[in-house]
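1. what's the 3D shape of this:
(4 chains)
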There are 2 protein chains.
Amino acid sequence: MANMSDVAKKAGVGISTVSKVINNYDNISDATRKKVLAAVKELDYVPNAIASALSSKNGKRLGLVVFINNHRQAIDEINMQYIFGAFQQAKEHNLDIVTIFSSVLQGKSAKELDVHFRSLRIQSLVVYGLHKEEFEFEKFIKMETLPTVVVDAPFSGEKMTSVMVDHQKAQYDITQKMVKEHVFIDKILYLAGRRDGYVTDLRMQGAVNAAMDLNLDMETQYSDFSEKKAYQLTKEFGEQANLIVCASDLMAIGAVSALNDMDIFRPVCGFDGITLLGYIDYEIMTVKQDFYDVSKRAIDEVASLINGGAGHAVVMDYEIGHIKYEDVIM
Amino acid sequence: MANMSDVAKKAGVGISTVSKVINNYDNISDATRKKVLAAVKELDYVPNAIASALSSKNGKRLGLVVFINNHRQAIDEINMQYIFGAFQQAKEHNLDIVTIFSSVLQGKSAKELDVHFRSLRIQSLVVYGLHKEEFEFEKFIKMETLPTVVVDAPFSGEKMTSVMVDHQKAQYDITQKMVKEHVFIDKILYLAGRRDGYVTDLRMQGAVNAAMDLNLDMETQYSDFSEKKAYQLTKEFGEQANLIVCASDLMAIGAVSALNDMDIFRPVCGFDGITLLGYIDYEIMTVKQDFYDVSKRAIDEVASLINGGAGHAVVMDYEIGHIKYEDVIM
DNA sequence: TTGTACGCGTTATCAA
DNA sequence: TTGATAACGCGTACAA
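-> Got it, this is the predicted structure:
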């Protein structure tokens, strides 16, 4: 397999000249550039990403850190959309993605994480599904030793960007909308997510504000993003409320399932807009996020950080509506 | 960050001695091994995977090739289970996984694929979702330049192993079972997968054999693994049949949905055992595969190939039954 | 059993 | 605008 020195010989130039052409340096004459590119084509030369990563200091290798605890959690479409979106967009920016599931990082201290990423020659990070219990990981990224984009956690800084929808506003909006579209709502049951989730707080605040502004009573329960728990909580508190607002679609489905078993009707809304909703025979309003797009944006942002951009907070769009069966089958 | 030479100095040994300790060579005295390991611990030394990959010829880097056509397909849980299972098991074998979505490989000739993987220093492959139209990729893996495990495609050889359930037998079994569990079945509608799918043929043969052995009439239609198409085909052919056998769960759901709209009942069975089935209010029997386990096994097999094992065909277990809502909520 | 020295394929520095 | 050459960190003949 041809390497740079082969190309250099064939083109009749120095080896470092080839490197400069490959990496689009501008101080190269058109003539030599052409010679080199011709040789590249002729020899089917493809740069060796490993050798490049070894010698280079600046950032083509991006770590994609996905927090998943067990393989049953891996059934959800959200992470797949995140991962796939990231890979698609990484192609555009010519970034090499190193996929890292959180299980590999378990038990590592902030310092060990640093060493780990360094040893993998990773020069930037995009993080999905981070939650509050990952103390060491959080400490590590806050050292900002690597440019980092965090999806769905409210961290930003000099070299750190957050990307997410405005969860608080979205939860506020959908709660208001549910109240307005139904009559006689005076008591809300709010099923929140996990205590250790970053978005949990944001969404809850949105619901609290909405209830306050509408002057409505609201019962709040943590449901851990668990469908089963939402089922149980609905059985326990569903009857007294006349609107059930859930912090995730799965929980909304659990609530609906309980309502069916209780043989009573309550309007229910969820959050996220997952495909599964299209299969549920119950009108569940939701906050539709485009996870694929969010992830692409996260990659854009990390590319920007690598190129010297400053960290900031990116707010993505959402849309309130229903997921219909006709839209999800293909 | 400490490197081998730092460790060597601290331990008072040569640099290659460190390398040998790290890689578990046996011709090292216990005394020096201890010294080295102590130095490793003290310096928080972690081997640099990149440098190792660059210099070494033998196989720690594994390419995980996932064929996905468009990002809407990324909703399926199957690939996520495959990917997660692979990463989990790769940890056990100390393999570095390089995730590769098929979109990166599009339009590449067999030779270009070879160059591509070489440039990534990939020394073995596990392939998911391969189908018949990937001529160049198929040509490439059949060159057997890399030890390869193919999931759900019937390829094996000197250095190539296939891992899958016995699709033919499974489809045969479930078809027979459906017929036996219902009375008055004399005509089957079989909704097959995509013409270019490798498992499509196997499953279809199973259904054909079952119908033959039972002396039943069977109408077969290609439904492209598409829920929508299954819906349409069921509308067209569902009434004349009294049993609908589908080559995938999604198609089974499409069929059920059509039956509901037609307001008639027909027993329906699917294939795969995806979580979504638990949410469908219709008894759909299916062939349950454990994708997570299949993928782990695929990694075991590739590790075996790397260690000199010969290629062969691995047959995984399946189970016929229902997916119940109680089992899928958590 | 241990250590020296070269090779892996780049990138980066600096002199020309 | 170009091209030697020294890193980058590790594996491995080969010599000791």
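2. quick one, phi/psi of the residue of the stretch 151-300 of chain A found nearest chain B?
-> Relative to chain B, the nearest point of the stretch 151-300 of chain A is residue A:227 (4.1 Å; CB to the nearest CB). Just so you know, the C-beta spots here come from the backbone N, C-alpha and C atoms, and that holds for glycine as well. Backbone torsions of residue A:227, given as degrees, to the nearest 10, read phi -60, psi -40.
3. pretty sure it contacts residue B:327?
-> No - shown here, residue A:227 and residue B:327 do not form a contact pair, counting by CB atoms under 8 Å, at 11.8 Å.
4. Which of the two has more residues huddled nearby?
-> Regarding residue A:227 and residue B:327, a neighbour count based on other CB atoms under 10 Å in any protein chain shown identifies residue A:227 as having more, with 23 against 11.
5. Stretch A:299-319 close to chain B?
-> No - against chain B, stretch A:299-319 shows no contacts by CB under 8 Å from any CB of the partner chain, the least distance being 13.8 Å.
6. Residue A:272 - nearest residue in space that isn't next to it in sequence?
-> Excluding its sequence neighbours, the residue lying closest to residue A:272 (CB to CB, 6 or more residues apart in numbering or on different chains) is residue A:249, at 4.9 Å.
7. So the one you found sits against residue A:275, correct?
-> No - Residue A:249 lies out of contact with residue A:275 (CB under 8 Å); the separation is 9.4 Å.
8. more neighbours, those two?
-> Under the criterion of other CB under 10 Å, the comparison of residue A:249 against residue A:275 puts residue A:249 first, with 26 against 17.
9. And the more buried one, how close does it get to residue A:322?
-> Remark: distance between residue A:249 and residue A:322 (CB to CB, to the nearest Å) = 11 Å.
10. For the stretch 151-300 of chain A, which segments are assigned as strands?
-> With DSSP state E, counting those that start in this stretch, the ranges of strands along the stretch 151-300 of chain A come out as A:160-165, A:187-192, A:217-222, A:243-246, A:268-269, A:284-288.
11. Neighbours of residue A:60, how many?
-> Counted with other CB under 10 Å, the neighbours of residue A:60 add up to 18.
12. Just to check, it is in contact with residue A:94?
-> Yes - between residue A:60 and residue A:94 there is a contact under CB under 8 Å: 6.8 Å.
13. ok, the nearest residue to residue A:259 once chain neighbours are set aside - contacts?
-> Excluding its sequence neighbours, the residue lying closest to residue A:259 (CB to CB, 6+ apart) is residue A:266, at 5.7 Å. By CB atoms under 8 Å, 6 or more residues apart in numbering or on different chains, the residues touching residue A:266 are A:238, A:241-244, A:255, A:259.
14. same check, this time on residue A:148
-> Going by CB under 8 Å, 6+ apart, the list of residues near residue A:148 reads A:124-127, A:141, A:159-161, A:302, A:305.
15. before we move on, the earlier item: dump the strands of the stretch 151-300 of chain A to TSV, plus mean pLDDT, mean neighbour count and distance to residue B:150.
-> Compiled in TSV, those are given as follows (pLDDT from 0 to 100; neighbours: other CB atoms under 10 Å in any protein chain shown; distance: least, CB to CB, whole Å):
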stretch	mean pLDDT	mean neighbour count	distance to residue B:150
strand A:160-165	98	24	36
strand A:187-192	98	24	44
strand A:217-222	97	16	45
strand A:243-246	98	29	42
strand A:268-269	98	27	44
strand A:284-288	98	22	37
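16. what's the closest of the ones you listed to DNA strand C?
-> Evaluated with CB to the nearest atom of the strand, those place strand A:160-165 nearest to DNA strand C, the distance being 22.9 Å.
17. Next, the angle from that closest one to strand A:284-288.
-> Using axes from the mean of the first three to the mean of the last three CA atoms, to 10 degrees, the interaxial angle of strand A:160-165 with respect to strand A:284-288 works out to 150 degrees.
18. returning to that earlier point: overlap of the contact sets of residue A:60 and residue A:94?
-> Common neighbours of residue A:60 and residue A:94 are not found (criterion: CB under 8 Å, 6+ apart).
19. and residue A:54, helix, strand or coil?
-> Under DSSP: H, G, I helix; E, B strand; the rest coil, the three-state class of residue A:54 is helix.
20. Grab the nearest non-local neighbour of the residue of chain A with the smallest separation from DNA strand D.
-> With CB to the nearest atom of the strand as the measure, the residue in chain A that lies nearest DNA strand D is residue A:14; the distance is 2.5 Å. What sits nearest to residue A:14 in space, not counting adjacent residues and going by CB to CB, 6+ apart, is residue A:8, at 6.1 Å.
21. re earlier: tell me how far the residue nearest to residue A:272 lies from residue A:273.
-> Shown here: residue A:249 relative to residue A:273, a distance of 7 Å by CB to CB.
22. Helices of the stretch 101-250 of chain A, start to end?
-> Under the criterion DSSP state H, counting those that start in this stretch, the stretch 101-250 of chain A carries helices at the ranges A:110-119, A:135-142, A:167-181, A:198-213, A:227-237, A:249-262.
23. Distance-wise, check residue A:186 relative to residue A:239.
-> As for residue A:186, its distance to residue A:239 is 14 Å (criterion: CB to CB).
24. same question, residue A:165
-> Separation of residue A:165 from residue A:239 (CB to CB) stands at 32 Å.
25. Please name the residues that touch residue A:218.
-> A:187-190, A:207-208, A:211.
26. Let me have the residues you listed in TSV, extended by distance to residue B:317.
-> Shown next, in TSV, are the contacts of residue A:218 (distance: CB to CB, whole Å):
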residue	distance to residue B:317
A:187	51
A:188	48
A:189	43
A:190	44
A:207	46
A:208	50
A:211	51
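27. near DNA strand C, which residues of the stretch 51-200 of chain A show up?
-> Applying the criterion CB under 7 Å from any atom of the strand, the portion of the stretch 51-200 of chain A that neighbours DNA strand C consists of A:51-52, A:54-58.
28. Also within reach of DNA strand D: list those from these.
-> The overlap between those and the neighbourhood of DNA strand D (criterion: CB under 7 Å from any atom of the strand) consists of A:51, A:54-55.
29. Got a ChimeraX select line for the buried ones in those residues?
-> Command for ChimeraX that selects the buried part of those, burial taken from 16 or more other CB atoms under 10 Å in any protein chain shown:
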select /A:51,54
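30. For the residue nearest to residue A:259, what are phi and psi?
-> Per degrees, to the nearest 10, the backbone of residue A:266 is at phi -140, psi 140.
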